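Chemist: I'd like to go over a predicted model; first the sequence, then the structure.
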Amino acid sequence: MQTIKRTKVVDLLKSKDFGSMVNVRGWVRTHRSSKAVDFIALNDGSTIKNVQVVVDPTLFDDELLKQITTGSCITVNGELVESQGAGQSVEIQCRELAVYGTCGSDYPMQKKGQSFEYMRQFAHLRLRTNTFGAVMRIRHNMAIAIHQYFHNHGFCYFHTPLITASDCEGAGQMFQVTTKNLYDLKKDKEGKIIYDDDFFGKQTSLTVSGQLEGELGATALGAIYTFGPTFRAENSNTPRHLAEFWMIEPEVAFIDMNDLMDLEEDFIKYCVQWALDNCQDDLEFLNKMIDKTLIDRLKSVLTDSFVRLPYTEGIKILEQAVADGRKFEFPVSWGMDLASEHERYLVEEHFKKPVIMTDYPKEIKAFYMKINEDGKTVQGTDVLFPQIGEIIGGSVREENYDKLIHEIEERHIPMKDMWWYLDTRKYGSCPHGGFGLGFERLILFITGMQNIRDVIPFPRTPKTAEF
């Protein structure tokens with residue numbers, strides 16, 4: 001074949017250079033054959049759209065054309081021409097083609113209409129489908145938007161450790177990291193494992209959050225954000241939980257609760273606007289195939305201010321709903337941690353817009369949250385979204401050393417390895433706060449997908465660590 005520089009499909013579809021010779025390479029979506037003409041729909045992952053390759057079958061060996069099946073990979077040289085068909089502006093009149101890789105009839109992604117559950121068995125191949133191509137391009141764009149937003153607002157990208165000896169939430173559901181021989185563990189007289197000969201000389205785990213280390217960065221650099229993988233060893237088989245997921249965690253010095261809520265709302269709206277501005281083709285596809293209300297819902301987030309709702313008022317609304325005949329699976333009472341059904345009722349039915357819930361009972365929130373003057377509630381801020389429930393969890397942090405120590409002791413949190421965190425309250429302590437946003441939950445909302453396992457390339461869940 002003649003050597004011609006490759007053009008990506010996304011660029012080819014915008015070209016008006018009719019009559020020029022181009023090269024395109026990609027994977028075959030469909031191949032329709034007849035005696036007079038063959039039509040090959042080719043996609044290279046750069047866009048949801050395919051380019052149509054028009055082939056005169058009399059110019060090519062019949063055995064070669066038979067190899068061009070759904071999923072096969074080919075390269076094509078041809079003339080770029082204005083398309084006569086509907087739905088596309090350009091097509092390629094094929095002059096030369098070659099097959100890079102054939103694809104047999106047992107190709108798992110060959111049939112249309114497979115369930116997402118079926119496709120999870122083939123996470124290494126599902127990426128080639130239209131739906132997952134769209135989701136992954138949007139995921140990429142959201143990552144770019146996140147970095148752009150914080151860079152433009154003067155935040156430092158701060159890298160917190162993935163291996164840690166601290167449990168940020170005090171939950172204890174962590175994956176251990178060790179080089180010890182698990183078949184021959186040294187134990188003391190009480191039966192506890194001795195870690196002296198382990199790699200780090202102490203018990204270590206994969207991080208559940210970069211927040212505590214992020215606070216160190218904020219108290220030195222003023223405003224930082226982390227964006228990386230986190231790990232939770234929760235045995236949760238739900239459409240909203242993963243064992244390995246990505247978190248965005250900004251932390252800011254000298255911020256109060258109103259400023260924190262402003263930051264949360266502004267950040268979310270920026271990401272949604274970025275998606276609408278930069279992912280139009282993919283969003284239109286998902287709006288058509290996955291959720292016909294998707295684009296309208298994204299636009300609605302931008303038009304209204306988020307409701308700012310104290311927890312106590314939220315409980316009263318839910319109790320009134322129950323009194324009016326609304327049935328919830330979980331009972332409603334002050335002091336409870338809201339279930340997803342309660343969050344979604346407030347957002348989707350009562351207010352019909354995103355809600356930032358504040359001032360939670362301290363017993364259901366983390367030890368580091370600043371306690372209000374009432375002594376019962378904390379300055380926590382959870383952003384609740386339609387179809388998702390909680391998408392952001394944040395708070396003003398307790399900067400007073402004595403108050404923080406009191407909470408730690410009252411909750412019996414082991415702090416022997418946390419002296420460095422307490423030092424921030426001993427040496428030049430300052431008011432500060434921040435939030436955590438689960439990246440995959442953001443992608444769920446932006447894409448309209450229903451299961452969090454379908455917005456990350458290779459999901460890690462209980463009993464699943466394939467690929």
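Modeler: Great, that's in hand. Keep in mind it's a predicted model, so treat the numbers as computed, not measured. Residues are numbered from 1 along each chain as shown.

Chemist: switch to C-alpha atoms for all contacts and neighbour counts from now on
Modeler: OK.

Chemist: Could you list the low-pLDDT ranges of the stretch 51-200 of the chain?
Modeler: Residues of the stretch 51-200 of the chain meeting the criterion pLDDT under 70: 167-172.

Chemist: let me fix that: the stretch 251-400 of the chain
Modeler: Looking at the stretch 251-400 of the chain by pLDDT under 70, you get an empty list.

Chemist: For it, which segments count as helices?
Modeler: Using DSSP state H, counting those that start in this stretch, the helices of the stretch 251-400 of the chain run over residues 257-278, 280-289, 294-303, 311-323, 340-344.

Chemist: how many degrees apart are the third one and helix 257-278 in direction?
Modeler: Yep, that's helix 294-303 we're talking about. 140 degrees (axes from the mean of the first three to the mean of the last three CA atoms, to 10 degrees).

Chemist: Against which helices or strands is helix 294-303 packed?
Modeler: Here helix 294-303 is seen to pack against helix 257-278, helix 280-289, helix 439-447 when contacts are counted using 3 or more CA pairs under 8 Å, 6 or more residues apart in numbering; DSSP states H and E.

Chemist: follow-up on the earlier one: comparing the helices of the stretch 251-400 of the chain, which comes out most buried?
Modeler: helix 340-344 (a mean of 19; mean count of other CA atoms under 10 Å).

Chemist: helices or strands up against that one?
Modeler: Counting contacts by 3+ CA pairs under 8 Å, 6+ apart, helix 340-344 packs against strand 377-385, strand 389-397.

Chemist: tell me the contacts of the residue nearest to the spatial centre of the chain?
Modeler: Against the mean C-alpha coordinate of the chain, by CA atoms, centre = their mean, the closest residue is Glu440 at 2.0 Å. Contact analysis of Glu440 by CA atoms under 8 Å, 6 or more residues apart in numbering lists 245-246, 452, 455-456.

Chemist: what ranges do the strands span in the stretch 1-150 of the chain?
Modeler: With DSSP state E, counting those that start in this stretch as the criterion, the stretch 1-150 of the chain has strands at 21-32, 38-43, 51-55, 73-82, 90-101.

Chemist: Not counting stretch 19-27 itself, show me its contacts.
Modeler: So stretch 19-27 is contacted by 4-9, 42-45, 70-81 (CA under 8 Å, 6+ apart).

Chemist: Swap in 7 Å and give it another go.
Modeler: With contacts defined as CA atoms under 7 Å, 6 or more residues apart in numbering, stretch 19-27 is touched by 4-9, 42-44, 71-81.

Chemist: With stretch 459-466 instead?
Modeler: Stretch 459-466 has contacts (CA under 7 Å, 6+ apart) with 235, 237, 242-244, 453.

Chemist: Name the nearest of those residues relative to Pro331.
Modeler: Distance to Pro331 across the contacts of stretch 459-466 (CA to CA) is lowest for Asn237, with 22.1 Å.

Chemist: pretty sure that closest one belongs to a helix, no?
Modeler: No: Asn237 is assigned coil when assessed by DSSP: H, G, I helix; E, B strand; the rest coil, not a helix.

Chemist: How about the contacts made by it?
Modeler: When contacts are counted by CA under 7 Å, 6+ apart, Asn237 touches Pro462.

Chemist: Equivalent analysis for Glu399, please.
Modeler: 425, 429-431.
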